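In: With the sequence up front, the predicted model follows.
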Amino acid sequence: MISLAQIPIPLIKIVVGLLGILIFIGLNGLACVYLERKVAGHIQRRPGPFEVGPHGILQPIADAVKLVAKQMITPKGADPILYWSAPIISFAPAIVCFLPLPFGPSLQNISINIGLIMVLAFSSLNVLALCLGGWSSQNKWSLLGAARDIAQSVAYEIPLLLSMLPIVLLTGSLNLADITAYQGAWPWQWLVVKQPLAFIIFFVCIFAETNRAPFDLPEAESELTAGFHTEYAGMGFGLFFLAEYSYMVVGCALATILFLGGYQGPVAPGWWWFLIKVYGLLMVMIWVRWSFPRVRFDQLLNLTWKWFTPLILINILITALVVKLI
Amino acid sequence: MLDTTLDSLDLRGDFYTRNFQPHPSENRLILNMGPQHPSTHGVLRVILEIDGEYIVRAEPVLGYIHRMHERMAEVKRYEQYLPNLGRIDYLHALAWNWAYVGAVERLMGLEVPKRAEYIRVITCELNRISSHLLWWGAYLLDLGAFTPIMYAFADREIIMDILQRITGSRLTYCYYRFGGVSQDIDDKFIEQTKELCKYLRPRLKMYKDFVTDNIIFRKRVEGIGIIETEILRKYGATGPVLRGSGIAYDVRKTKPYSVYSEIEFDVPSYELEDAFGRYLVRMQEMEESLKIIEQCLEQLPAGDFILPKAPKRPKPPAGEVYFTVEGARGEIGVHLLSDGSAYPYRLKLRSPSFSNLSLFPEVVKGTLLADAVSILGSLDLVIPEIDR
Amino acid sequence: MTKEGLGHVLEVKPGFCALLATGKVGYKKQLFILPDDLLNVVKHLDECGYALENITALEIEEGFLLVYHFNQWNNGEKLALKVLLTDGVKEIDSISDVYPGALWHERECFDFFGIVFKNHSNLIPLLLDPKENIHPLLKAKNKRQPLAAIMPESEKIEQYIKIEELGK
């Protein structure tokens, strides 16, 4: 019989943290669904969901119940193991991505010195999941979606990674708490002022990373019917969906930590500032999705390879020189 | 990945797929786009042979909403066939109404009263605007912009409300009669239409600012789907598809029917030859239609809305007639042959979408899948009109 | 087979086309030609810059009448080409080599009437079920009318033109 005191403290912390993250992801999914539908509705001159609960506030729950209750269908000829592992592979790393994020001054699950790299490494696993899902579905549209996703990830990952290097050069740390602490409380003390170009490129790449319009090419509803998740029903689709929203939050959280001062704010710094900034960026993502047409595939590749990569390299060079000289 | 060893699935597809590609190919993919694909709008099916995402060959497969309207014409009396016309092109139903009614009138030598002609022009142009608006929304939906279609539908709703009061239906109109229209327009209609014109002009300008000048949209349509004049001629394309390639052929202007010769309007045409040219033509046509409507409302003469002695159940003399009008998608033709009985002997419906789609395989060769969607949308197809 | 009530149109000689009166039909010109001359005439029309508008067919007492509609964009003047298939013949040359747009129109005629177009690259049903062999627009024998009854204009031949001189 192991007494409670024998369990190492870090383990308890991680388990509690994981539970908290799972609750946060679930709640965030519900909030994002509601937000997305409401914002989309108002952008499109309609009220959005209105029937379930006051102002449709319970609509996400109805959606979730519907997804859970739906039959999960494996298409004929699909590889069942790969097919069903894909949504799990898509969703599981999203949880890990939340671990090193400093939500508040003392609200960080594990403070490790490679926090940034950890987030990037695990968020990149999503590509594998999409590839597996598209590959194993026995559907040509899914296959095309998967192929697009691979090509796209090669294109956007490089500028995405490079756009964070100037921050690392400036702060000299990969620990996300240190990067937050480096920045001040007031907006002009945030790193976005020093690195505006890196912020723009980072934020645009986040759109591609999360497969959001105008870069939702692996899904591309009007071209590939639904792309990689054409064949998924019920919670298979639900997990992809949840993962997409989780990665959106991770992306926006990274943008907040790296460029917008994290949990710091002019008055009363704390996790509320962090959430305000994250959901502000999320609103921008939703806004963009419902306002712009989709770019073509080769246009995204052109943008990332011909514009973002050289630009961010120049940016790194200048930053490195400045850091060295001052 | 597709497992070719699966015997339980007939991977070689149905009749059309096998006809398209009799033998399996090693490095090309045969892709069935439709008939339930989101951007084939209804029930068009296109079989594509793709290499990566490049289209090597394409072939549309029709007939999923075929109702044999031409046979129906032969077993129905002339006036019984009228409601069918609204169901051929459900977006510009009044133009089809007009083509048929006009053909019968010409065969019988009926003189339509001036007022009725003006009413026809007004309602037909209103219908044209609503058709173009829907196309505009749906086209942007194809390109991945979700919002414009909601705005288009909101505006379209007003037009449908106006037409509903007069025609009695919202979509599949059956309003024109031999020798006139079924019901006179009233002051409220005129007032509502005038208000609509005032309302739509700034809206169209807003659409231009938000959509036409959008950089992503421009990149998706400029230089995409170039159709040369020679192809247009050989395939018999008409309407905005033709005018988007710089040929200002419009039945309303070139061979004016009804009172179009008394109205001042321009026929927009752009020598861009691409999807953007076709887009611009339609956007400007809406403004021209507004111009036409306003002029007609001003010049609207008093008088009968239908020829008093027009036969309710016509029995045209034997003979042949070919009557064309300008629909939202191009030249609509009705080729009617009568043997003197109360039933048409043969009725051929010449639908513009049919000809416009037939050049699609030619244009789409070598383009990307995403471009194919853009081209298909820019042709503005209404599938029931193609299948008839 | 009787040639009563057929008018003079069958007297068209090879190499010539008969220019018919148009009346109120809605064409600028309508020509009557023999099936063998079809390709030749269509090539001439192509050189004159006509656009193919429509191809339609109908069944009459004498056989099948095919009507080709052509159009000119600059003035909107339409030209109709009429070809009569008599004596139970159900075959005619395809004009799809000259006008590829005819491919679908011809397939439609094949669907509705069973008329076979020679040298058509892909003569499969366009609108109807490929498994069923139904031609819905064929008429019952007692319903068929003679050509003269439905096209009184075909009685009035204005002049005969040599095909080579069509463009003038």
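Out: Nice, I can see it.
In: CA atoms only for stretch C:105-119, dumped as PDB, please.
Out: In PDB, the C-alpha atoms belonging to stretch C:105-119 read as follows (Å, rounded to 0.1, in the frame of the first residue of the first chain):
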ATOM      1  CA  HIS C 105     -26.200  17.700 -79.600                       C
ATOM      2  CA  GLU C 106     -25.700  14.600 -81.700                       C
ATOM      3  CA  ARG C 107     -25.600  12.400 -78.600                       C
ATOM      4  CA  GLU C 108     -28.900  13.900 -77.600                       C
ATOM      5  CA  CYS C 109     -30.400  13.100 -81.000                       C
ATOM      6  CA  PHE C 110     -29.100   9.600 -80.700                       C
ATOM      7  CA  ASP C 111     -30.700   9.400 -77.300                       C
ATOM      8  CA  PHE C 112     -34.100  10.600 -78.400                       C
ATOM      9  CA  PHE C 113     -34.400   9.200 -81.900                       C
ATOM     10  CA  GLY C 114     -31.700   6.500 -82.300                       C
ATOM     11  CA  ILE C 115     -30.200   8.400 -85.200                       C
ATOM     12  CA  VAL C 116     -26.600   7.200 -85.600                       C
ATOM     13  CA  PHE C 117     -23.900   9.700 -86.300                       C
ATOM     14  CA  LYS C 118     -21.000   8.300 -88.300                       C
ATOM     15  CA  ASN C 119     -17.500   9.200 -87.100                       C
END
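In: and it with chain B, contact?
Out: Yes. Shown here: stretch C:105-119 in contact with chain B (Cβ under 8 Å from any Cβ of the partner chain) through C:Phe112. For the C-beta atoms, the positions are set from N, CA and C on the backbone; glycine is no exception.
In: And for stretch A:203-222?
Out: Yes. Interface with chain B: stretch A:203-222 contributes A:213-214, A:216, A:220-222 (Cβ under 8 Å from any Cβ).
In: OK, contacts around A:Leu258?
Out: A:164, A:167, A:179, A:191, A:199, A:202 (Cβ atoms under 8 Å, 6 or more residues apart in numbering or on different chains).
In: Ok, A:Leu282 next?
Out: By Cβ under 8 Å, 6+ apart, the contact list for A:Leu282 reads A:32, A:35, A:248-249, A:252.
In: So which of those belong to helices?
Out: A:32, A:35, A:248-249, A:252 (DSSP state H).
In: What is the neighbour count of B:Ile293?
Out: 24 (other Cβ atoms under 10 Å in any protein chain shown).
In: What's the separation between it and B:Tyr257?
Out: For B:Ile293, the distance to B:Tyr257 equals 17 Å [Cβ to Cβ, to the nearest Å].
In: cool, A:Ile43 as well?
Out: In terms of Cβ to Cβ, A:Ile43 sits 43 Å off from B:Tyr257.
In: ok, these two, which is more surrounded?
Out: Legend: neighbour count by other Cβ under 10 Å for A:Ile43 and B:Tyr257, higher for B:Tyr257 (20 against 17).
In: three-state assignment of that one?
Out: Three-state call for B:Tyr257 (DSSP: H, G, I helix; E, B strand; the rest coil): coil.
In: Go ahead and confirm it touches B:Val251.
Out: Yes. At 6.9 Å, B:Tyr257 and B:Val251 qualify as touching, with contact defined as Cβ atoms under 8 Å.
In: Would you mind confirming that A:Phe207 makes contact with A:Leu217?
Out: No. If you go by Cβ under 8 Å, A:Phe207 and A:Leu217 don't touch, sitting 10.8 Å apart.
In: Tell me what the nearest residue to B:Leu29 once chain neighbours are set aside is bridged to.
Out: Spatial nearest neighbour of B:Leu29, chain neighbours left out: B:Ile50 (5.1 Å); criterion: Cβ to Cβ, 6 or more residues apart in numbering or on different chains. Bridge pairing for B:Ile50 (DSSP bridges) gives the partners B:Leu29, B:Ile55.
In: Low-confidence stretches in chain B?
Out: B:1-12 (pLDDT under 70).
In: quick one: secondary structure of whichever residue of it sits closest to chain A?
Out: Residue nearest to chain A within chain B (Cβ to the nearest Cβ): B:Gly144, separated by 2.6 Å. Recorded secondary structure, B:Gly144: coil (three-state DSSP).
In: wait, what's in contact with it?
Out: By Cβ under 8 Å, 6+ apart, the contact set of B:Gly144 is A:213-214, A:216, A:220-222, A:292-294.
In: Can you tell me the SS state at the residue nearest the centre of chain B?
Out: The centroid of chain B falls nearest to B:Arg329 when counting by Cα atoms, centre = their mean (3.4 Å). Following three-state DSSP, the label given to B:Arg329 is coil.
In: roughly how far apart are it and B:Leu336?
Out: On the measure of Cβ to Cβ, B:Arg329 and B:Leu336 end up 21 Å apart.
In: Comparing A:Phe207 and A:Leu217, which residue is more hemmed in?
Out: Set side by side, A:Phe207 and A:Leu217 show more neighbours around A:Leu217, with 27 against 22, by other Cβ under 10 Å.
In: Could you pull up the contacting residues of the more buried one?
Out: A:Leu217 neighbours (Cβ under 8 Å, 6+ apart): A:148-149, A:152, A:211, A:227, A:294-295, A:297, A:300.
In: just checking, what packs against the helix or strand hosting C:Glu59?
Out: Secondary structure from DSSP states H and E places C:Glu59 in strand C:51-60. The contact analysis (3 or more Cβ pairs under 8 Å, 6 or more residues apart in numbering or on different chains; DSSP states H and E) places strand C:51-60 against helix B:229-235, strand B:331-338, strand B:344-350, strand C:63-71, helix C:102-113.
In: Stretch B:34-51: which residues count as buried?
Out: In terms of neighbour count (16 or more other Cβ atoms under 10 Å in any protein chain shown), stretch B:34-51 has its buried residues at B:34-35, B:37-50.
In: Stretch B:306-321: end-to-end distance?
Out: 22 Å (Cα to Cα, to the nearest Å).
In: again, but for stretch A:304-312
Out: End-to-end distance for stretch A:304-312, by Cα to Cα: 10 Å.
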